[in-house]
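1. Give me a 3D structure for the following:
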Amino acid sequence: MNVRRSAAALAASAVLCVGVAPAALADTPPPSPSAPPVVPSGLFGKADPTYDGVWRQSLALLAQRTAGVKPAPQAVAWLTGQQCANGGFASFRADAGAVCDAKTVFDTNATAVAVQALKALGGKDAEVKKAADWLKSVQNEDGGWAYVPGSPSEGSSTAIVISALATAGETPDQVKSKAGKSAYDGLLSFQLGCSTEPASDRGAFGYQPADGKLAANADATAAAALAGLGKGILVEPAASDTAAAALACPAAPADPAGAARGAAGYLAEALRKDGHLTAVTPGSDQPVADTGNTADAVIALAAAGHRQSAAGALEWLQKNSAQWSKDNPAALATLVLTAHATGTDPKSFGGTDLVSALNATGPAPQRADADAQKVEGKEEPGSGNQSIWWIVGAGAAAGMGIGILLSGRRKKNQL
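-> Below is the predicted model of the structure:
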């Protein structure tokens, strides 16, 4: 969920369909176009929005509503104005008044997170339905989805789309391709089963096969845990707490909920060593802390009811996420969502008021009071318990068609 595709990889892969070798993105901005678009006044953040505009806007609006903040009308209008007539979203459209055509590069991930934000805002049922219908229309025959429609399915995008469809009121196992494969058929094909070596990778989800073999991918695994549970990135604090368990072998689960439990078990074990996830950045063989995917893993574990398994990572995030999230609306929103999922105060997260910091990156909200704390018709906990987050997996397979490393939430909120 936090490793979005780099600008260069996105442009090259989407247009030329070249593969990208597996890699994790560092927190280093990708090459920007020579003349980046002007950042619109209604958009959160000051960085070039070409590859993550809709993604970061959606997360920011979703986090604000979760924290009891009523977003600025111009911020909501900017997001709805990005939607094309067919219901889909591109990563960013500089001229939202232009007609979407064959040259428009649609983005399933941006569309999926926009669905969740618009659903939470309320009063956007028509936009939500159009977006969900578009997502269903670009399902691959294997039941999964790609970041850019028409490309091979991958684990992260499949999971993110399923979460969006569930949020929109769809039943994922009833969303089927022309070949009769359901969305969950597509998702479960990316899980590493009981024959996987090393055994520690069992239960994880992969991004795309490389040379016919899947590799464990934390980004895809966190997204898949939410999807298997039929949940989106807005996770309510669980009333109970259970211990995460490894994939039930020798018989791997064939159902989404069982697969989600296996994914949660993998994430819990991966966090146990250092209290956070790590990734290897291009040009280096030394792993570094992966803040974004650590936050995603905490949300996934909280969604599965494993608060104690996420406790160490949550504490690590409170101590180590300030630099990663500074002036970054998508990262700040992720932490707000993380706090909400774990019942933590987002206004005092490691000494930082995440809500104020997020608000400062975009149009001033209308208000932050109890009247604005209703999401999906349910009274949210007081502002002392607000927050949320979540993006898709990096590590595409060389030669596997379009292997774009994820952008938006992932491009700038990764490590």
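2. How are the strands of this structure distributed by residue range?
-> 69-70, 278-280, 287-289, 367-368, 374-375, 378-379 (DSSP state E).
3. Now do the third one: everything it contacts.
-> So the one you mean is strand 287-289. 26, 274, 276, 277, 278, 279, 280, 281, 320, 415 (Cβ atoms under 8 Å, 6 or more residues apart in numbering). For every residue, glycine as well, the C-beta is placed using N, CA and C.
4. What about the third one, how many residues nearby?
-> To tie it back to what came earlier, the one meant is residue 276. A count of nearby residues for residue 276, using other Cβ atoms under 10 Å, gives 22.
5. Quick check: it touching residue 313?
-> Yes - look at residue 276 against residue 313 with Cβ atoms under 8 Å: they come within range, at 5.8 Å.
6. who touches both of the two?
-> residue 294.
7. show me the residues around residue 329 that make contact.
-> Residue 329 neighbours (Cβ under 8 Å, 6+ apart): 44, 45, 56, 57, 59, 60, 358, 361, 362.
8. ok, for it, nearest residue in space, not its chain neighbours?
-> Among residues not flanking residue 329 along the chain, residue 44 sits closest, at 3.9 Å (Cβ to Cβ, 6 or more residues apart in numbering).
9. re the thing from before, for the contacts of strand 287-289, which single residue is the most surrounded?
-> residue 277 (29 neighbours).
10. residues contacting that residue?
-> 218, 270, 271, 289, 290, 293, 294, 297, 313.
11. 10 Å - rerun?
-> Taking Cβ atoms under 10 Å, 6 or more residues apart in numbering, we find residue 277 in contact with 2, 24, 218-219, 221-222, 267, 270-271, 287, 289-298, 313, 316, 415.
12. likewise residue 276?
-> 270, 289-291, 293-295, 297-298, 312-313, 315-317, 320-321.
13. Among those residues, name the ones in helices.
-> 270, 291, 293-295, 297-298, 312-313, 315-317, 320 (DSSP state H).
14. For residue 103, state which of those is nearest.
-> Set against residue 103, the nearest of the ones in helices among the contacts of residue 276 by Cβ to Cβ is residue 293 (32.6 Å).
15. Give the closest residue to the residue of the chain most remote from its centre in space, chain neighbours not counted.
-> Distance from the C-alpha centroid of the chain, by Cα atoms, centre = their mean, peaks at residue 250 (30.7 Å). In this structure, residue 250 finds its nearest non-sequential neighbour in residue 194, 5.4 Å apart by Cβ to Cβ, 6+ apart.
16. do residue 291 as well
-> Residue 291 sits nearest to residue 324 (Cβ to Cβ, 6+ apart), 4.3 Å away.
17. picking up where we left off before, so what pLDDT did the residue nearest to residue 329 get?
-> We have a pLDDT of 98 for residue 44.
18. Surely it and residue 57 touch.
-> Yes - counting by Cβ atoms under 10 Å, residue 44 touches residue 57, with 5.6 Å between them.
19. Between these two, which contacts overlap?
-> Counting by Cβ under 10 Å, 6+ apart, the residues touching both residue 44 and residue 57 are 71, 75, 78, 79, 329, 330, 333, 362.
20. Where helices are concerned, which of those residues count?
-> Within the shared contacts of residue 44 and residue 57, residues falling in helices by DSSP H are 75, 78, 79, 329, 330, 333.
21. count of residues packed around the second one?
-> This points to residue 78. With other Cβ under 10 Å as criterion, residue 78 counts 22.
22. My read is that it contacts residue 44, right?
-> Yes - look at residue 78 against residue 44 with Cβ under 10 Å: they come within range, at 8.9 Å.
23. joint contacts of those two?
-> Both residue 78 and residue 44 are contacted by 53, 57, 61, 72, 362, 363, under the criterion Cβ under 10 Å, 6+ apart.
24. Please report how far the last one lies from residue 180.
-> Looking back up the chat, that one is residue 363. Computed as Cβ to Cβ, to the nearest Å, the residue 363 to residue 180 distance reads 46 Å.
25. ok, now the first one?
-> Computed as Cβ to Cβ, the residue 53 to residue 180 distance reads 36 Å.
26. and what of the fifth one?
-> Counting by Cβ to Cβ, the gap from residue 362 to residue 180 is 44 Å.
27. What of residue 65?
-> 37 Å.
28. got it, and residue 335?
-> 41 Å.
29. With neighbour numbers in mind, choose between these two.
-> More neighbours surround residue 335 than the other of residue 335 and residue 180, with 33 against 9 (other Cβ under 10 Å).
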